[in-house]
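> quick one: sequence and predicted model below, then my questions.
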Amino acid sequence: MPKVTVNDARGLIQSRGTGIQFQSTPYATIQTQNVSSGTITAPGVYTISSSIAAGAISTIMPLAAAVPGGVFVFRNLSADPNFLTGSAEAGGTKVFKSTITGSEPQSQGSKLVMFPGIGASVVLISDGFSYLAVANSGTLGFIQA
């Protein structure tokens, strides 16, 4: 089996030997993006800030089927509890689900709200059907459609 080297300039390079060597960072650099009411189109790290809009902000997620395996991180910098909304539900499958202790009042719903506001955050991953809440700070609320 040849040795494979991953290099930013040349990509994958095969040579004699065994194993894999990284000469570059094996992960993507993610830039934090501020969001306001509107639709998110790609996985990434997002902040929701009151400097963007006054009052609670409702941000629409892409279809979970469009970004399977996609990881989304949201941090609330606003005093308001802000909402994440799914762009569609199919066959009764709720857009957001969680097994995190303290998710009140439901563990799934059509909308996700981050409480108490400033400092609340959530990490979501798409399984191709729903967005699964895998970590959070603050409390997550789920609203049924």
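Yes, it's here.
> the most centrally placed residue in the chain: what secondary structure?
Geometric centre of the chain, nearest residue: residue 72, 1.2 Å, by CA atoms, centre = their mean. Here residue 72 is strand, with the state taken from DSSP: H, G, I helix; E, B strand; the rest coil.
> please apply the same query to residue 118.
coil.
> what's the per-residue pLDDT of it here?
pLDDT for residue 118: 80.
> give me the distance between it and residue 76.
To residue 76, residue 118 is 6 Å away according to CB to CB, to the nearest Å. (C-beta placed from N, C-alpha, C; glycine too.)
> between those two, which one's more packed in?
residue 76 (26 against 13; other CB atoms under 10 Å).
> so who does the nearest residue to the more buried one once chain neighbours are set aside touch?
Once flanking residues are discounted, residue 76 sits nearest to residue 120: 4.3 Å by CB to CB, 6 or more residues apart in numbering. By CB atoms under 8 Å, 6 or more residues apart in numbering, the contact list for residue 120 reads 75-76, 81, 114, 136-139.
> quick one: least confident of those?
Lowest pLDDT within these is found at residue 81 (79).
> touching, that residue and residue 111? I think so.
No - between residue 81 and residue 111 there is no contact under CB atoms under 8 Å: 11.1 Å.
> and the gap between the residue nearest to the centre of the chain and residue 85?
Counting by CB to CB - residue 72 and residue 85 are separated by 13 Å.
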